[in-house]
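Asker: here's my sequence, what's the structure:
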Amino acid sequence: MKPKDIIMLFLLASLWGSSFLFMRIGVPALGPFVLIFLRVSIAGLALVLYALATRHHLNLLLKWKEYLILGAFNAAIPFSLISAAELHISSSLAAILNATTPLFTALVAWIWTKDTLTIKKMGGLLLGLLGVTILVGWDPYQNGEPLFKSVMFSMFAAFSYGIGGVYSSRAFSGEKPMDMAIGQQVGASLFLVPFAVATLPHEIPSLTVMFSVLGLAIFCTSLGYLLYFALMRNVGPIKTLSVTFLVPVFGVLWGALFLREAISIHTISGLLIILLSVALVADLPFLRRKGEWEENASSSR
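Answerer: Predicted structure coming up:
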């Protein structure tokens, strides 16, 4: 990758990693549904303004039902579940648990599209389960029921991302990335309206919370998507996938720096094991034998 692409990759990882920090700050004051409704609606508006400024022609009405489904499973539901989890767990733990998303995506693809579940992928899934167990402890109930529920919320969020990822590959073949980004945010906003209205906060949030919402919407979501699509165009999906390994690292870093969250040996061990499991499931080139990698590389040209 060129130096510019490397900088963009690390910037994207730092932005997506900071989303867990912003959610941890905003959710106690706003609640999961209102916080995420503000995130996706402001992000969607910002992306629409960007599309207008760049004279990008939007075409969302033709697949409005599909965008509603995509917005629900790839944004509204997982964002809300992660926010609810962060009422009781640290932003660092939430960021690491979210790194299991590729594992659930592989599982959903196997169930839904009959994608081959190789021995390497099955080993990665089992290794990921071990990493989560080490991360939260052998008995999550030892720290109370809220911890167990929060971990389950995080796992269901990753599973929802898996559904959204597989669904988008089947329902949006050939769609423009900008249309998908905007359609997803609009769909998520519409899905969350009744939930947000029913859980409006009773007090005006502080400036810190307001700035967290703006950071979450403008930087983590709007700018994050623009960087993501630029990387997909410049270096392709395989190299862009490496952001999966950097996001939890930044999530842990921002939590430690700004929220003084402790980094234990369980945190580091669980993170490393989960990232190794993701590498196995993703079948990254550096884990393949030389001959196998060369054969796959030549067939993809």
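Asker: what's the closest non-adjacent residue to the residue sitting nearest the centre point of the chain?
Answerer: Nearest residue to the geometric centre of the chain (Cα atoms, centre = their mean): N98, 6.5 Å. Spatial nearest neighbour of N98, excluding adjacent residues (Cβ to Cβ, 6 or more residues apart in numbering): A158 at 6.2 Å. The C-beta positions use only the backbone N, C-alpha and C, and glycine is treated the same way.
Asker: next, count neighbours for that neighbour.
Answerer: 24 (other Cβ atoms under 10 Å).
Asker: what does Y167 give?
Answerer: 18.
Asker: does it really touch I69, like I thought?
Answerer: Yes. Counting by Cβ atoms under 8 Å, Y167 touches I69, with 6.6 Å between them.
Asker: so what pLDDT did the residue nearest to the centre of the chain get?
Answerer: Turning to N98, the model gives it a pLDDT of 93.
Asker: from F172, how far off is it?
Answerer: 23 Å (Cβ to Cβ, to the nearest Å).
Asker: with G270 instead?
Answerer: Taken as Cβ to Cβ, the span from G270 to F172 is 34 Å.
Asker: ok, those two, which is more surrounded?
Answerer: Shown here are G270 and F172; by other Cβ under 10 Å, G270 has more neighbours (24 against 18).
Asker: quick check: that one touching G128?
Answerer: No. In this structure, G270 is not within contact of G128 by Cβ under 8 Å, at 10.0 Å.
Asker: where does the stretch 151-300 of the chain have low pLDDT?
Answerer: Residue ranges of the stretch 151-300 of the chain with pLDDT under 70: 237-238, 283-300.
Asker: just say helix, strand or coil for the residue nearest to N98.
Answerer: helix (DSSP: H, G, I helix; E, B strand; the rest coil).
Asker: list the buried residues of the host helix or strand of M8.
Answerer: Per DSSP states H and E, M8 falls inside helix 3-30. By neighbour count with 16 or more other Cβ atoms under 10 Å, helix 3-30 contains the buried residues 8-9, 12-27, 29-30.
Asker: same question for stretch 37-56.
Answerer: Using 16+ other Cβ under 10 Å as the test for burial, stretch 37-56 gives 37-48, 50-51.
Asker: go on, stretch 147-166?
Answerer: Within stretch 147-166, the residues scored as buried using 16+ other Cβ under 10 Å are 147-151, 153-166.
Asker: out of these, which sit inside helices?
Answerer: 147-151, 153-166 (DSSP state H).
Asker: sorry, back to before: a markdown table for the buried residues of stretch 37-56, including distance to L135, pLDDT and secondary structure?
Answerer: A markdown table is the format used below for the buried residues of stretch 37-56 (distance: Cβ to Cβ, whole Å; pLDDT from 0 to 100; DSSP: H, G, I helix; E, B strand; the rest coil):
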| residue | distance to L135 | pLDDT | secondary structure |
| --- | --- | --- | --- |
| F37 | 30 | 98 | helix |
| L38 | 30 | 98 | helix |
| R39 | 26 | 97 | helix |
| V40 | 28 | 97 | helix |
| S41 | 33 | 98 | helix |
| I42 | 32 | 98 | helix |
| A43 | 29 | 97 | helix |
| G44 | 33 | 96 | helix |
| L45 | 36 | 97 | helix |
| A46 | 34 | 96 | helix |
| L47 | 34 | 95 | helix |
| V48 | 38 | 96 | helix |
| Y50 | 37 | 94 | helix |
| A51 | 39 | 94 | helix |
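Asker: return the member of those residues nearest to A256.
Answerer: Of all the buried residues of stretch 37-56, R39 has the smallest distance to A256: 23.3 Å, by Cβ to Cβ.
Asker: contact partners for the closest one?
Answerer: By Cβ atoms under 8 Å, 6 or more residues apart in numbering, R39 lies in contact with 79, 213, 216-217, 220-221.
Asker: surely L271 touches P248?
Answerer: Yes. Taking contacts as Cβ under 8 Å, L271 lies within contact range of P248: 5.9 Å.
Asker: which one's more surrounded, these two?
Answerer: P248 (28 against 24).
Asker: is the more buried one in contact with V278, as I believe?
Answerer: No. In this structure, P248 is not within contact of V278 by Cβ under 8 Å, at 9.7 Å.
Asker: good, wrapping up.
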